[in-house]
Every structure is written in C-alpha cells, then in structure tokens.
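Participant: next one to model:
(4 chains)
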Amino acid sequence: MTAARITPAEKAALREPWEDIARQRQAVELGMWAFLASELLFFSGLFAGYTIYRSIYPQAFWEAGAETSLWFGGANTAILLISSAVVALVPRAARWPGLGRFARAMLWIGALLGVAFLVLKGFEYREDFHEHLWPGPDFKLHAEGAELFFSFYWCLTAIHAVHLVVGICLLARLAVAGARDPGWFTETPAVQATALYWGLVDIIWTVVFVIIYLPGRGG
Amino acid sequence: MSDAVLDDTSLPHDVSTFDKGYLGDGHTLRSWLLTTDHKRIAILYALTLTIFFFIGGVAIALVRIELVTPAQDFVTADEYNRLFTLHGIIMVWFFLVPSIPATFGNFLLPLMIGARDLAFPRLNLFSWYLTVIGGAFTVYVLLAGGVDTGWTFYTPYSSIYSNSHVIAAAIAVFVAGFGTIATGINFIVTTHTMRAPGLTWFRLPLFVWAMYTVSVVIILATPVLAMALTLMMAERFFGVPIFNPQGGGDPILFQHLFWFYSHPAVYIMILPAMGVVSEVIPCFARRRLFGYDFMVYALVAISVVGFFVWGHHMFVSGESPYANLVFSFLSFVVAVPSAIKVFNWTATLYRGQITYEAPMLYAFGFVGLFTMGGLTGLFLASIPIDVQATDTYFVIAHFHYVMVGGTVSAFFAALHFWWSKITGRMYPETWARFAAVLMYFGFNFTFFPQFIMGWAGMPRRYGSYPPEFQIYHVLSSAGAVVLAAAYLMPLGYLTWSLRWGRRAGDNPWGATGLEWQTSSPPPTHNFDKLPTVERAPYDYHPEGYVETGEAARTIEASQKGGEQE
Amino acid sequence: MSAAGRRRHDDMPTVREIVRRPAWVLLVLLVALGLNIGAAFLPIAPFLKTAFHLIVAAGTVALIAFIFMEMEKKGPTIRLFAAAGFIWIAILFLLIFSDYGIRR
Amino acid sequence: MRHFIFFPPEASVYARHVDWILFGLLGVSAAIIGLVVALLLVFGIRYRRGSRAPRGPLPAWVSRDVEIGWTVATLFTFVFIFWYATASFLTTIGAAPNALEIHVVGKQWMWKIEHSNGVREINELHVPIGIPVKLVMISQDVIHSFFLPALRIKQDVLPGRYTSESFTADKTGTYNLFCAEYCGTDHARMGGSIVIMKKADYQKWLDAQPGAENLAGQGRQLFVRLGCAGCHFEKGHRRAPDLAGLYGSYVELADGRTVRADDSYLRDSILQPKRDIVAGYAPIMPSFEGTVSEDQIFELVAFIKSYSGDAETTQ
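Facilitator: Numbers count the residues shown, from 1 in each chain, chains lettered A, B, ... in the order given. Alright, predicted model coming up:
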C-alpha cells in the first residue's frame, strides 16, 4: 500500500482507477478466471450436445470418428501442448527485466506454434472436403447420426479455431507492445491474462481431441 | 485524454462544474461517447434502454390493439407474429436483463463500496458499445421486416422453417449477451477487490450483494445461450443438422440449452430488483433490514438453485416424465428463498417509522406484485397445473407479474430513490406518487384478467381467438392504456425536474449507504476522501429519528452504536 | 518460489530454473497423449477406451490448469471461479441427462 | 359458441381432479398473499411515521427463530404441494391397456386425425365418452402442441418422434382444440374442436363417414405397394425379420442390445433401417425417408401391429 513509491514501469502498467499494481494484477487475474469460467460454459453446450447424440447413436459416432484424421489431430494436439508449455514460461519470466527478451521470444514461439496448428487444420479441412465429410446431400457416410458427429466436428473445431486466432493475436500484440516498452512488460497484468487465455484454448482442445479423434480406432 | 482541448471543464473559470459533479465534467458528445466514468456509462445505458423500452412498448401496444377483437383485423397474422417477437426480444435482452444492473448497478456499485470506479472502466464502456451494436442489429431486423420466431427461437421453426430475419436477430442477442457478460465480470471483480476499508462481505448493502450474485449468474448462464444460438445459426446458415430431426437431431436439445440460460435469466432480472427493494424499504421504514444474513443467503441460494429448475418450462415438450418430477421438485425448492425475502421485507416494517414517498410506494407495489408472481410460479411448478397453463395467457400473466410488476416496479423505485443522487434534483413528489399508484392499478388491470383467460385455455401468441375470450382481452387492452400512461408520466416529470426540480441535498432521504456520503451529483472521482466503514449496513434507528429542515430528515446522533447482534 | 513484493535483480532465476518444471510437465503431457492414442487402438470394449481417454484428458486438463496456468499458487477465490466453470458444466450434464438418460 | 367463459368446462374425471389441485393451490396462495398484504397494511399503518406505537430494538433471538420458523414452514408447505400435485401426475403416466388409439399428425397449420378404422378428419376430433382414448401424435414439420383445455391436457407434437396423450372423457359437448406451441404464420388458426359424444352417437357418426378400409388394411395395401412384402413375407430362407407378432415383443439387435418393438421402434426401422439392425440379418433394407408420409407410417405400423402371420403371403 505504499502508493508513493511507484516505479515508472508500474506507472506505465497502471490503469484507471488503480493506484497499486499488485491489486490491479489481482483484479485482472480474477476477471480473467471469471471469463474463462464463462468460456467453459460456452463450450459446454457443444459438449453436452455431443454427449447426448453419442449416447443416442453410439455406433454411428464410432464409425464417423474413424473418418477423422488422427494424424492431423494428434500432431495438432502435440503442437498445442508444446505451445502451452512455452506460453506458460512467459509470466514466469516476464517479471524480470533481464528475462524480458526471453519471455517475448517465448510469446513469438507460442504464436508461431498456433499458426502452425491453423495451417495443419487448414490442410485437414481441405482433405475433409475432398472426402465429402461436410454434412449435406453428398455426405460420405450413411449411418443415421454420422452427420451429427460431423456437425459437431465442424462446430467444435471451427469455434476452437476462432478462439485460437484471437489467442495468436493477443500473443503477438503482447510481444510487440512488450518490445516497445520493456518496463511496462515487466509489470503489466496483460502477460498473465494472455497466458491464462492460451491455457484455456489448450484445455478445450484437449477435450475436443479425445472426443473427436479417438473414437472408432482399432476396429 | 486528447479531448481535453474540447473539454470546457478544464477551464478554470467555469464555476458550474463545482456543483454539477460528474455531469459537469465535459459537455461534448465525445466526452460522453468515450467516457470511462461508470456514472456516465450508466446514463448512456439509461438512455439506450429507455429508447428500447419504448420501441418494445409500441410493439406491444399494436398487439393489444389487435387483440381487442377476436378476428385478425388490425394487422396480418405475419405482422402480429413479428410484433410480439420484437416485443419479447427487445424487452428481455434490451431492457429487462440489462435494466437495473447496467444503469443503477453501474452508477451505484462503486459508490456503494467506496470505490473510484469499476475495476475495468474501458471494458465497461465496451460493454455499452456491445449493447448498442446488438441494438443496432435489432433495429436492422425491425427495419428489414422483422423476425417471427417468438423470443424463444425454438427449433426447428427458427433453424429451418421461418422466412424472417432469424440470423440477424440471433446475432443481436448474441452480441448483447457478451455485453452483459462483460458487465458481470466487471461487477464481480469490483466487488471482490475494491471495497472500502472496513467494508466486509457482511457489511455490504444488499444491492451490492444482488449485483454480485446476478453477475455470477450472468457469466455462467449467458454463454450457454450464446452457444445455443450459434448452433441454431449454424444449422440455418450452413445446413449442418444439429436440432433437425431429419438429420437425426433432437429439437428439444435446443430448448434445454435455451432454458439453461433463460430460466436463470429470470433471476438475472429479479435479483437486482430485490436488491433495490432491500435498499428502499429499510430507508423509508427507518429500520434495519430484518434478517440481513438470511437475505444474503437467500440471494445466493436463488442464484445457485435457479440453475436447477429450467426443465419446468418443458413439462409438455416431450421431456422424460422423470425429468419432469426432478425439475418440478427443484422448482418448489427455489421458491423458498424468494418467500423468505418477502417475509423479511414485511418484517422490516415492524416497529419502523414509515413514510410513503414514491420509492416506497413502488417498493410496496413490488412486494405485492412479486408475491403474486412468485405464488403463480408455484402453480407452474406443479406438473398437472402447468400442463394446462403452459403456453397460455396464464404464463404470460405470471411472468409479467414477476418481470414487469417486479423488475419494472423496482426499476422505477430505484429511479426515484436515486434520482437526486444521479441528477442533483428532486423529482416532483405528488406526481411521482400518483404515477406509482397508477402503475400499480394499471398493471393489475392489464394482467390479472390474463390469469383467468389463460386457465380457461386462451393460448399465447394468437392474433385471433374464439370470441368467449374477448372480454378479458378488452379489459387487458384497456389496462394497458392506463399502464402506458403510468410509464409515460415519469418520462415527463423527471425530464421536467432536470431543469426545474428542487435542488437536492447530498442525502435527502437520510439514508445510510456510502453513496449518500458524497455530493449529489457525485464528482467524477466519486469521493473527495475515500470512506472507511465501521458499521453494519442499514444502521437506521427509529428512536433517534429527528427531522432537520431541507434535507427532509437525518439520523445523525442516534448512530452511537445500536448494535443488536 | 513466487516472487512477492518488490523484486531485486539478484533474485532473478536463470532460464534453466524457469524452464525445468514446465518442461517436465510437458514431457508427461506428451507421454499421456501417446498413451491415449495408443489406447485407442487396443482391442477392448469401446466404453472402457472412452473412459480411459477421458481420465487421461482430465489429468491433462488438471496439469495445464494447475501448473501451466499456475492455479497451484492461487487463492481460494480464483479456485472457486475456476471450479465454478466445471461445476456448472456438471449441473448442465446431470440435469440434461435426467431427461435423455431415461427417455427411452 | 358462448360469448363468455370464466372457468373452463371439465370434461373428464382427470380435469376435475386437476381443478381440485388448482383450488388447493389457490387456497394456499390466497392465505399467503392475504398474510403478506395484511402484514403490509397493519405494519404500514401502525408504524407510520410519528404514530404512538412502541418502537425499540428486537431481542437478538427473535430474528433467528422467526427466520428459521418461516423458512421451515414455507419449505414444508411447498414440498407438501409438490407431493399433492405430483401424486396425481404419476397416475397419468401410462395409458389404459385397451385404449382407443387415434393418430394425430400435426402440420403447418392443421391437425390431421386418423381413427383406427380408417376414418379421417381435419381439425376435428370425435371421441366417445367413457372409453379411454390414447392419441399418438407426430408432426410433419415444426413443433406443435395438442391442447384440449376442457380435458386439461396438452402435449407438444414433435417432428421425428411420437408423443402421446391419454384421456377418458365423460361429458358430451363440443370443446376447443388449440395448437399451443407457436408454429408460424397461421398458428392462431391451427385449431378446431373436440366433439365428445355418447357411445351410440359416436357409432352413428362413424357409420356415416365415407366408407374406407380400416387403418391396418390400408397399411397392408401400402406394405405390398412399397415392396416390403417381397422380403418380409418371403417363406423359407428369409432376408428380413418375420413381422408376425412382432409388435410389443423384445427384439435382439446385432450390436447386442435388446429393444421393445413399439411404435417408435417400428417408425425408426422404416425410416432409418440401419440404426437398429436385428441380430442375424444383413443391413440391406433401404430407407423410406421421404417416400412415406407420417400418416402412411401410421398405417404401416397399424398393419404390423395387427399382423399375426396367418394371412396369405404375397398377392
């Protein structure tokens, strides 16, 4: 509570109406976790729908799951796990001015891994289109319920991808702003908030991977 | 920052800023549209919501004109469907849900906890813009020809069969929903991190508790609606079958997701109203709120158990009968904390020094109408009664008693109670009392007949109907005229008071909340000296009641420490 | 471990110190991913496979939340909000299956 | 019709029963609201500003005990109402075994009704008194809701799935029939009436209808026309399961599950034959989705229900 001794770096990171960077950081973190809880509930609708239809059409979901590309899914999961480990280093390092460059490098690596994920995803989507896995008149599978599986496949992965794009933008923005003002970078709560958001994107994918790519393997 | 040049208040010779508080802090449009001051954002919200309230009101006025005669003769069936849909969408998402939190919550939450602003002022402004963008989509829908799904967007009608602007309407709701989520997060963080020294959780005014609990409900419920609407839009736009039985989907799933939000949404509307009434009644009864702790627990209980009951909207939907039993039971359980709140408000009057200014009249109206609304909720929670009553005017009457009789009454109570704090002026008391009583009678006149015709079988969303129901529709439409007058009156006299109203002191009601300790209207930074809190809330004491001239009454000296517990 | 209050330069950890723990966790997560993919091909009953997948996924989620997102160091309020997300999903599932679970 | 209605007519025992629950609830509500209003008035007047009524703090225990008292009392009352209301609901689950089955197809914006003897009507439902009636309902497009206020019953009619409602009318007359779930432009016109008749009048009415074969007979013709008989009636080496006595029995499926052959199962098997494949048979049956309408499915199901295998095979 010694508001008198505010360093220039803290001053750069402070926002109205805060007078104390530590409390501001607490507030941002709490707000971010509340937002993440909200995001989880956002996805819960999809998960609930998936679970219900899978319980109604177990066989069709099993067959349809086998049509997804485990190679793409597995590689993307690995990429995202690595990226979340990389991004997790950022708040641990960013606090120290001497590690600022390292932290920003980690941000860029995280963002690049995110882009790699999207690129793979793009190839996967192209393949899916070629194989007529888009629900509609010339859909590949015939089992009742298989179309539902792929409805959820597209919705889950697309909505996740939107979140990922937002995450990549946040990482890049933080890296750019951090390079411009290294002092601000050591103090700003945005570092923690961005890392938390990236963590959530990974958590969601972990579940998506299990329910979309793993069913129907090995006969 | 950069608009300081345009900002005339920065000129030292401008004396008017001294007593205009935050209102004097800039007069340009820009100083309003880019403000991060929670009080100004509250005003922005108030103006926006007022506009939407009247658009929604016009829609239902046309509906009520149509319903005067049994035949479909004033508007076509399609127009009728679009009108009631518009009324529902606007009133729910662009008035009731944001009403009290976004205006009074925004304005008062920081003041009540002794903070300078909300935790994230820019996010707060952003949430207003989201509401406006959502509103713009709604206006687009209105101009483009409307949407005819009903506010519930039930599939597969909305996702496949409707020929109206469903996607734009769903986007409107989606965007506005994220506006309320942003507000909710802001309130939660503010309440957790910005309370004045000494202001422990159990010293918070109930209005703050209400804002806090409602925010939790908002952030956990709204995203599910967002996803339900997203999936509905995906089905409509891309043709992926999700709720469509032809692709194996189940249309009931949409209803589950929709009501997972929309039943808690009822509590999003009513919890803030409860908060308002819990402020008003102790003040005008000069009495500590009876059972403060229980009132807090009741709020928390309602906000949690409120999530367990959505299935009672679906008793006839084809839901499993066993699920019906579960949801019916839980719906009875959730009524208990609401009942406790009603009893506590009543008991607060005991041994009070009651006066009847307009806010108190509205609060009394609230208690009466909310009790009616709540009790008819029990009818709808019991399965055999609900089977007859659901999708009829009985339900319409029930939720209007809760949302209009409850929330809107409380909104007007709040408007009159804090008007002096917001504007620095008093409203004309006689007019306000008259409007309050008129609103109460107009309301009952409009909605009570709907219970009777609903039980008799009159279905909702009918533009034409069998003639035996006409008498009730005529009564209802006549009552709506009275009600409309009662809503228009405050618009007139409150606007009048902005210029000619008596100047209010800082604390005209002699109320105890922190918001009354700063000037009226408050300065931009809220408090010249941030307050500390040493007492429990509602430290009114009827014995020490003294009247001191202009600022109607104060309670000063008596507060020497009448702690009871 | 956690750097509370003002930080002095001599407290600064080396990159190695910072990386060590997340790297170990990452290794565990990648192994878990491999196990999960491998298990998908085992010739056992589908529901057993699914249960295994979900348990591994839950572990992964927990590790990400507790280590990567530093939940281990957070106070009760933040844990409560994080838990609320999961509890409310549980509510949704539980009550929605009170319908679907016994409909047919 | 009448020009004023205060309380809906009661045309069944169940309706009167529901009304008793309503009166019970009205009584409890009146008591509660009376209490609240009385307290508001009494306190409001007695403790108005400046009145001579004694004031002063309450002893601490009052608050807690009163609070716990009315919490428990409210909870008890509400749970009691739940039990009282639910008990009667439970008795309505499951229709009488020998109910008169009538088929209802909802579509934008009319009700099509098929009696089991083949008589069809639109927006009108004729039923006799004293006989349990079971409506088996399905929608051809969006969700509708079959609402009979005089019988206090309402049930949503869904696309893709059968729902049902049962009643035993005991008062003759013509009463309202509404669609209660919003279904688009002419939702308000999607209604008509239920005519409850004495048994003799009902029989007279039935006889007066244009002669048609009964539903099962119509179903049989359709069965043959669609080519179902080719596999299902084949003697000797069968490519398709035998349908004789199928209805109501338990069927073992290829994936090890066992299902009961009810209306929904038969409907699903016609439209989505690959979903529940009977053990021992190849999944060769084509889907009839889009080929047969909902009313034709009712006919087919009626035929399968009635078929006991004694009839001649193909024609």
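Participant: quick one: pLDDT of the residue nearest to B:Pro337 when sequence neighbours are not counted?
Facilitator: Spatial nearest neighbour of B:Pro337, excluding adjacent residues (Cβ to Cβ, 6 or more residues apart in numbering or on different chains): B:Ala298 at 3.8 Å. Any C-beta I mention is one placed from the backbone N, CA and C, and that applies to glycine too. On pLDDT, B:Ala298 comes in at 96.
Participant: report how many residues lie close to whatever residue of chain A ends up closest to chain D.
Facilitator: Nearest residue of chain A to chain D, counting by Cβ to the nearest Cβ: A:Glu144, 4.2 Å away. As a burial measure, A:Glu144 scores 22 neighbours (other Cβ atoms under 10 Å in any protein chain shown).
Participant: about what we covered before: quick one: the residue nearest to B:Pro337 is in a helix?
Facilitator: Yes: counting by DSSP: H, G, I helix; E, B strand; the rest coil, B:Ala298 is found in a helix.
Participant: which ones are touching it?
Facilitator: B:Ala298 makes contact with B:337-338, B:340-341, B:344 under the criterion Cβ atoms under 8 Å, 6 or more residues apart in numbering or on different chains.
Participant: what's the answer for D:Ile153, then?
Facilitator: With the criterion set at Cβ under 8 Å, 6+ apart, D:Ile153 makes contact with B:387-388, D:14, D:147, D:165, D:167.
Participant: same check on D:Asp255?
Facilitator: Residues in contact with D:Asp255 (Cβ under 8 Å, 6+ apart) are A:59, D:277.
Participant: helix, strand, or coil at it?
Facilitator: Recorded secondary structure, D:Asp255: coil (three-state DSSP).
Participant: what does it show for phi and psi?
Facilitator: The phi/psi pair for D:Asp255 (degrees, to the nearest 10) reads phi -90, psi 20.
Participant: tell me the phi and psi of the residue nearest to A:Gly136 when sequence neighbours are not counted?
Facilitator: The shortest distance from A:Gly136 to any non-neighbouring residue, by Cβ to Cβ, 6+ apart, is to B:Gly239 (6.0 Å). Backbone torsions of B:Gly239, given as degrees, to the nearest 10, read phi 70, psi 10.
Participant: got it, and the one 5 residues further on?
Facilitator: Torsion angles at B:Asn244 (phi, psi; degrees, to the nearest 10) stand at phi -90, psi 120.
Participant: tell me how far it lies from chain A.
Facilitator: 9 Å (Cβ to the nearest Cβ, to the nearest Å).
Participant: any idea how far A:Leu156 is from that residue?
Facilitator: With distances taken as Cβ to Cβ, to the nearest Å, B:Asn244 is found 18 Å from A:Leu156.
Participant: again with D:Leu39
Facilitator: D:Leu39 is 54 Å from A:Leu156, by Cβ to Cβ.
Participant: neighbour count: these two, which is higher?
Facilitator: A:Leu156 (21 against 18).
Participant: all helices for chain A, in order.
Facilitator: A:8-13, A:21-56, A:58-67, A:70-94, A:100-130, A:146-180, A:182-187, A:190-213 (DSSP state H).
Participant: how about the fifth one, does it get close to chain C?
Facilitator: What that stands for is helix A:100-130. Yes: judged by Cβ under 8 Å from any Cβ of the partner chain, helix A:100-130 comes into contact with chain C through A:Phe102.
Participant: can you show me the strands along chain D?
Facilitator: Per DSSP state E, chain D carries strands over the ranges D:100-107, D:110-115, D:120-122, D:124-128, D:133-139, D:144-148, D:153-157, D:163-167, D:173-179, D:192-197, D:250-252, D:258-260.
Participant: mean confidence score for the fifth one?
Facilitator: Spelled out, that is strand D:133-139. Per-residue scores along strand D:133-139 average to 94.
Participant: how far does that strand sit from the chain's center?
Facilitator: 6 Å (Cα atoms, centre = their mean, to the nearest Å).
Participant: please save the CA atoms from it in CSV.
Facilitator: Only the C-alpha atoms of strand D:133-139 are listed here, as CSV (Å, rounded to 0.1, in the frame of the first residue of the first chain):
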residue,chain,number,x,y,z
VAL,D,133,-58.5,-42.7,-25.7
LYS,D,134,-54.9,-42.6,-26.5
LEU,D,135,-53.6,-40.1,-29.0
VAL,D,136,-50.4,-41.0,-30.8
MET,D,137,-49.1,-37.8,-32.3
ILE,D,138,-46.3,-36.7,-34.6
SER,D,139,-45.5,-33.6,-36.5
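Participant: give me the residues contacting that strand.
Facilitator: D:95-96, D:99-107, D:127, D:146, D:155, D:157-169, D:263, D:267, D:294, D:297-298.
Participant: hmm, 6 Å instead?
Facilitator: Residues from elsewhere that reach strand D:133-139 (Cβ atoms under 6 Å, 6 or more residues apart in numbering or on different chains): D:95, D:99-104, D:106, D:127, D:146, D:157-159, D:162-167, D:294.
Participant: and that strand, which residues are buried?
Facilitator: Neighbour-count burial for strand D:133-139, counted by 16 or more other Cβ atoms under 10 Å in any protein chain shown, picks out D:133-139.
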